[in-house]
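Participant: Predicted coordinates and the sequence they were generated for:
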Amino acid sequence: MNKVSRRIGLIICMLIIFSAQTFAKDFNVIDFGAKADGVTKDTKAVQAAIDACNENGGGVVRIPAGKTVLSGTIYMKSFVTLRVENGATLLASPDLKDYSNDTHKIMYKREKHMDLCFIFAKDAKSFAIDGYGTIDGNGHRKYFNKKRPMLMRFMNCDDIHLKDVKLINPAAWTSAWLYCNEIVVDGIYIHSRSNRNGDGLDFDGCTNVRVSNSSFDNSDDCICLQASLVDKPCKDVVISNCIFETKWGGMRIGLLSRGDFESVTVTNCTFKNINDSGLKIQMNEGGSMKNMTFSNLVMKNVPRPIFMTFTQQKACVDAPDEMYPYKEMKNFIFQNIIADNTELDKNSAFFLTGMQGHKIENIILKDIQFFVSGGGTKEDAEKTDLNEYTLEVLKGHWPEFSLVGTLPASGVYLRHMENVYVENFHLTVVDEDARKPIILNDVTNSEVSKFYMNGKRFKVKN
């Protein structure tokens, strides 16, 4: 009788396990024919698993631990979680012919060579990519030189989660998120040094975005906020607890800026070893940019902790024939920042500039420690012919710092602004520097209080 009971119990347990597995709706790519040997192209198997998962109401598509799955373009679908397990790698094909031509396009002009992508989704909802494994773009220059696929592109999608995965070696940008809503990115690591234009996360016309607890090592901007369509604003964005390292910009807001930007919070982040700027904020395509706060930031070897420009320039691939008008750029707070640039040259400064007749408005710089090497000459101090970011100066290029060059201030240079408040700013200059620590040029209704240079109070005429 006991044997019969045990057998019945065993059968019941097996049925429970089978039911649980069925209910969980797991779709292992191996079960759909993937060889997972890192050599055989498993594109059809991966796509079949995603399609079956979607058709069955959702679930988890697994790239199993210890396996390398090689694939061309794959399409994410609604209610699918693509889980790259710990020790697993989803590897992009090194053959350009394995990438589809129906994955939309990059929205920057002159960059059609980045239209292709590895993982694509359009009009999908409630999907995720997670796990502790690796998605490898395999984007080395020996495979991709002219045409260079992005790693991911999501368009018109809603409720997306990207969590815990490692994203490495894209041939171009790591990701482009176009006109998406409700995005959570948490605990990811991006390493993008294998090719050029290696952006990390590019959110274009996206809303309700949260990025946290992530680390970036890029060949281009780590995070970009963009607005390529007039009717698709980029707003309600929170970025926290991240580490940025890159050859170019830590965070870029704007450039692609036909639409509006509003309500952005960046806090508790570290920036290091950046060649251009920590916060690069640029409005130039006719939209409105306002209501942003940046706090509790630490920077090391970041030449321009803040670089802000308000100008006119066409960046979008779909730009109209006529030049964009100026609209507005206002309401920014920068607070609790430490920036140590003592290992860099004299071209290290907070540089914020509007245009004559088109000022940046309502800026607060507060509780900042800034350490610089110094070395500015008398000729630097007397410099008055700084380029403006006019169309004649830009000549079709982006408004980069190099078009202006060495500033006549050793710490802070503010130009064409209104309603500026600077308080408790501590500038330390290591070597002798002939330049003033702070210059306000065409700045109206300003107040600078408690500005210190090498521990001594420096009075600024307002």
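Facilitator: Everything's here; your move.
Participant: Need phi/psi at the closest residue to residue 444 other than its chain neighbours.
Facilitator: Nearest residue to residue 444, sequence neighbours excluded (Cβ to Cβ, 6 or more residues apart in numbering): residue 418, at 4.8 Å. Every C-beta, even on glycine, is put in place using the N, C-alpha and C of the backbone. Dihedral pair for residue 418: phi -140, psi 140, per degrees, to the nearest 10.
Participant: Hmm, residue 418 is touching residue 358, no?
Facilitator: No - judged on Cβ atoms under 8 Å, residue 418 makes no contact with residue 358 at a distance of 10.4 Å.
Participant: So which residues of the protein form helices?
Facilitator: Along the chain, counting by DSSP state H, helices occupy 2-24, 43-55, 378-381, 391-394.
Participant: average model confidence for the third one?
Facilitator: It refers to helix 378-381. Averaging pLDDT along helix 378-381 yields 98.
Participant: to the chain's geometric centre, what's the distance from that helix?
Facilitator: Here helix 378-381 is found 36 Å from its chain centre; the criterion is Cα atoms, centre = their mean, to the nearest Å.
Participant: With the last one instead?
Facilitator: A distance of 27 Å separates the centroid of the chain from that of helix 391-394, by Cα atoms, centre = their mean.
Participant: who touches it?
Facilitator: Helix 391-394 is contacted by residues 311-313, 323, 387, 403 when judged by Cβ atoms under 8 Å, 6 or more residues apart in numbering.
Participant: Using CSV, write down the CA coordinates of it.
Facilitator: Taking C-alpha atoms only, helix 391-394 is exported to CSV below (Å, rounded to 0.1, in the frame of the first residue of the first chain):
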residue,chain,number,x,y,z
LEU,A,391,25.6,79.6,-38.7
GLU,A,392,28.7,81.2,-40.2
VAL,A,393,30.9,79.7,-37.5
LEU,A,394,29.2,76.3,-37.4
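Participant: Wait, residue 306 touches residue 282, no?
Facilitator: No - applying Cβ under 8 Å as the test, residue 306 and residue 282 come out as separate, 11.6 Å apart.
Participant: re the thing from before, out of the contacts of helix 391-394, which end up buried?
Facilitator: Neighbour counting with 16 or more other Cβ atoms under 10 Å marks 311-313, 403 as buried within the contacts of helix 391-394.
Participant: How many residues are close by residue 226?
Facilitator: Residue 226 sits with 29 neighbouring residues when counted by other Cβ atoms under 10 Å.
Participant: before we move on, the earlier item: out of the contacts of helix 391-394, the closest to residue 39 would be?
Facilitator: residue 313 (46.1 Å; Cβ to Cβ).
Participant: quick revisit: looking at the contacts of helix 391-394, which is nearest residue 335?
Facilitator: Of these, the one sitting nearest to residue 335 (Cβ to Cβ) turns out to be residue 311, at 25.7 Å.
Participant: Count the neighbours of the nearest residue to that closest one once chain neighbours are set aside for me.
Facilitator: Closest residue to residue 311 apart from its sequence neighbours, by Cβ to Cβ, 6+ apart: residue 389 at 4.0 Å. Neighbour count for residue 389, taken as other Cβ under 10 Å: 24.
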